[in-house]
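Undergrad: sequence first, predicted coordinates after that:
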Amino acid sequence: MDQGMISKHIRITAYKTPILKELITISKRSSRPKIEHVNQLYNVWKHFPGDEQVSYNHILNMSINLSEYLSGSSTPTNPNKKFSPKHRTGSNKIVKNSRQSFLLGSRQTHKQSIRFSPETKNIALNVSKKKIEDDENLLRPSYLAQQLPSSPDKSHKNECNCKIADIPYHLYTNYIISFNKIFISCRIAAGDFTSLIKYNIYAILTLGEDPNHFPSLKGGYSKLNIDNNTCGKNFVLASRFLNTQLGKGNVLVHDDSGNGMSCVIVMAYLVKETKISYLSLLELMKNIRPYFKPDAFQEKFIRSYEQSYRRS
């Protein structure tokens with residue numbers, strides 16, 4: 001598929017995402033989307049369970065229908081007609097393979113005409129033909145793993161193995177919050193679909209930039225922007241999320257580096273709920289996240305929960 005078609009395809013797909021109750025975000029301005037972007041989408045998609053792959057192809061088919069709808073075709077009966085290899089000549093020929101199926105949504109079971117709801121038609125009508133043809137912004141929806149977060153700092157690779165880690169707090173206390181587990185990681189690991197399946201992650205608490213999102217995560221995602229100034233207020237929300245979701249399944253807490261506020265919030269939560277001493281928990285966390293070093297404010301914040309249960 002040539003760059004122009006990829007550009008148009010991704011933009012149309014992005015415009016379609018309001019149906020999935022998610023907003024689109026605009027990435028850096030680019031005259032043509034990079035082929036690496038599409039490759040990354042495909043690499044994530046091919047790890048989806050079979051039913052989600054089918055669903056995703058269905059969405060791509062609707063995108064192509066929208067393309068015809070907006071370009072003047074009132075009854076788009078064949079969503080693959082415009083992009084079919086037989087309609088292209090010379091160097092533009094495409095070899096049929098699984099990657100083409102991903103890009104074009106060409107599964108046989110979804111070639112039938114799709115009836116749009118009034119909501120869908122309104123979205124289509126609100127996006128002008130000129131904008132679809134001329135706007136070269138690469139739009140990236142934040143659902144179905146289509147969002148590609150920015151790359152981490154160069155130092156990140158030296159400080160993180162980018163893996164999800166269990167927090168075995170039960171080794172230090174007789175208080176067990178739940179038989180389900182708390183995990184911690186950096187953003188990269190939180191966006192690794194294979195790892196989420198491996199550790200049976202039910203829900204994710206994000207402290208910072210979003211990872212890739214996956215619809216199969218039953219407990220969903222919660223995002224909080226926490227820094228030293230908002231620690232107290234947002235800790236209540238984080239605790240509420242953890243209490244609710246741990247009763248249903250394993251929960252992953254992450255920030256961009258995996259060595260920042262995710263460690264602080266998890267430590268404060270465990271001190272508060274299980275009465276582990278600060279020093280014991282710090283030793284545990286350093287075994288899991290050796291580059292985590294709480295500053296004076298963060299240490300004081302965590303210790304405040306230790307002092308509160310000792311007074312009670």
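TA: Thanks, I have the structure now.

Undergrad: switch to C-alpha atoms for all contacts and neighbour counts from now on
TA: Fine.

Undergrad: what's across from residue 255 in the sheet?
TA: residue 207 (DSSP bridges).

Undergrad: and for it, the neighbour number?
TA: Other residues near residue 255 come to 27 when the count uses other Cα atoms under 10 Å.

Undergrad: for the one 5 residues further on, same thing?
TA: Residue 260 has 22 neighbours, counted by other Cα under 10 Å.

Undergrad: and it, what does it touch?
TA: Contact partners of residue 260, counting by Cα atoms under 8 Å, 6 or more residues apart in numbering, are 292, 294.

Undergrad: do you know how far it is from residue 207?
TA: For residue 260, the distance to residue 207 (Cα to Cα, to the nearest Å) stands at 9 Å.

Undergrad: can you check residue 227 too?
TA: 9 Å.

Undergrad: do residue 272 as well
TA: From residue 272 to residue 207 the distance is 19 Å (Cα to Cα).

Undergrad: the more surrounded of those two?
TA: Neighbours were counted for residue 272 and for residue 207 using other Cα under 10 Å; residue 207 has more, 24 against 20.

Undergrad: that one touches residue 230, doesn't it?
TA: No - counting by Cα atoms under 8 Å, residue 207 stays clear of residue 230, with 11.8 Å between them.

Undergrad: which residues do residue 227 and residue 207 both contact?
TA: residue 261.

Undergrad: and the strands in the stretch 151-300 of the chain?
TA: Per DSSP state E, counting those that start in this stretch, the stretch 151-300 of the chain carries strands over the ranges 165-166, 182-185, 201-207, 220-223, 250-255.

Undergrad: show me which of these has the highest average neighbour count.
TA: strand 250-255 (a mean of 27; mean count of other Cα atoms under 10 Å).

Undergrad: helices and strands around that strand, which ones?
TA: strand 182-185, helix 187-190, strand 201-207, helix 261-274 (3 or more Cα pairs under 8 Å, 6 or more residues apart in numbering; DSSP states H and E).

Undergrad: what does it contact?
TA: Residues contacting strand 250-255 (Cα under 8 Å, 6+ apart): 180-187, 190, 199-209, 242, 245, 261-262, 266.

Undergrad: related to what we said a few turns ago, got the strands of the stretch 151-300 of the chain as JSON lines, with distance to residue 295 and mean pLDDT columns?
TA: Below are the strands of the stretch 151-300 of the chain laid out as JSON lines (distance: least, Cα to Cα, whole Å; pLDDT from 0 to 100):
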{"stretch": "strand 165-166", "distance to residue 295": "22", "mean pLDDT": "94"}
{"stretch": "strand 182-185", "distance to residue 295": "19", "mean pLDDT": "96"}
{"stretch": "strand 201-207", "distance to residue 295": "17", "mean pLDDT": "94"}
{"stretch": "strand 220-223", "distance to residue 295": "23", "mean pLDDT": "90"}
{"stretch": "strand 250-255", "distance to residue 295": "16", "mean pLDDT": "96"}
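
Undergrad: can you say which of those strands is nearest to residue 235?
TA: Comparison of those against residue 235 by Cα to Cα identifies strand 201-207 as nearest, at 10.9 Å.

Undergrad: run the angle between that closest one and strand 250-255 for me.
TA: Orientation of strand 201-207 against strand 250-255 (axes from the mean of the first three to the mean of the last three Cα atoms, to 10 degrees) gives an angle of 20 degrees.
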